[in-house]
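# Sharing a model prediction with you, sequence too.
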Amino acid sequence: MSALLDSLVAGHVADPARRMHLDAVLREGLPGPRCEAWKYTSLRALERRVFSRSTTVCSVDPSLLDGIPSPRIVFVNGLLDESLSTAGDVPSGVQLAARRSVDEIGQRPATASNVFFRLNGVLGESGVSLTVAAGFNS
């Protein structure tokens, strides 16, 4: 197993939905040159990296965001901060929604090209979904 996958598994307790994604990642590993979608992208450097969850609690001064127009999505240390985010004037034909669990984000087919979707399923605490209607033109 790679250092990346070892670090993701270390001390990880997962609910059944997250465990399904973790098991698939461990079984399939990261895509390599034999995977058509990844044949020109080497992930060897990523495989050697070790990651851990941040335990640092930090806050953002809301006045720093005053000049940023709406809609605005703010993540602090990888977690959606809904108090700093605003859907504001999302155009008709666009939907923006906060997501709190991997089940809300949805499922994808189990293929090597979806390994990063699966890793998000394992590690993601919160997120957003952005849906744009077919033929949308701002």
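On my side now, so go ahead.
# Next, residue 72: phi, psi?
Note on residue 72: backbone dihedrals following degrees, to the nearest 10 are phi -140, psi 130.
# what's the closest non-adjacent residue to it?
Distance criterion C-beta to C-beta, 6 or more residues apart in numbering; nearest residue to residue 72, sequence neighbours excluded, is residue 86 at 5.3 Å. All C-beta spots, glycine's among them, are computed from the backbone N, C-alpha and C.
# Next, the contact list for that neighbour, please.
Contact partners of residue 86, counting by C-beta atoms under 8 Å, 6 or more residues apart in numbering, are 70-72.
# neighbour-wise, which of those leads?
Most neighbours among these, by other C-beta atoms under 10 Å: residue 71, with 16 neighbours.
# Residue 137: how many residues sit nearby?
For residue 137, the count of nearby residues is 6 (other C-beta under 10 Å).
# Name the helix or strand for it, please.
Assigned by DSSP states H and E, residue 137 belongs to no helix or strand.
# Over to residue 24?
Counting by DSSP H and E, residue 24 is part of helix 16-28.
# what ranges of this structure fall below the confidence cut-off?
1, 11-14, 100-113, 138 (pLDDT under 70).
# Just the helices from it, written as ranges.
3-9, 16-28, 44-47, 102-105, 115-123 (DSSP state H).
# elements contacting the third one?
When you say that, I think you mean helix 44-47. Counting contacts by 3 or more C-beta pairs under 8 Å, 6 or more residues apart in numbering; DSSP states H and E, helix 44-47 packs against helix 3-9.
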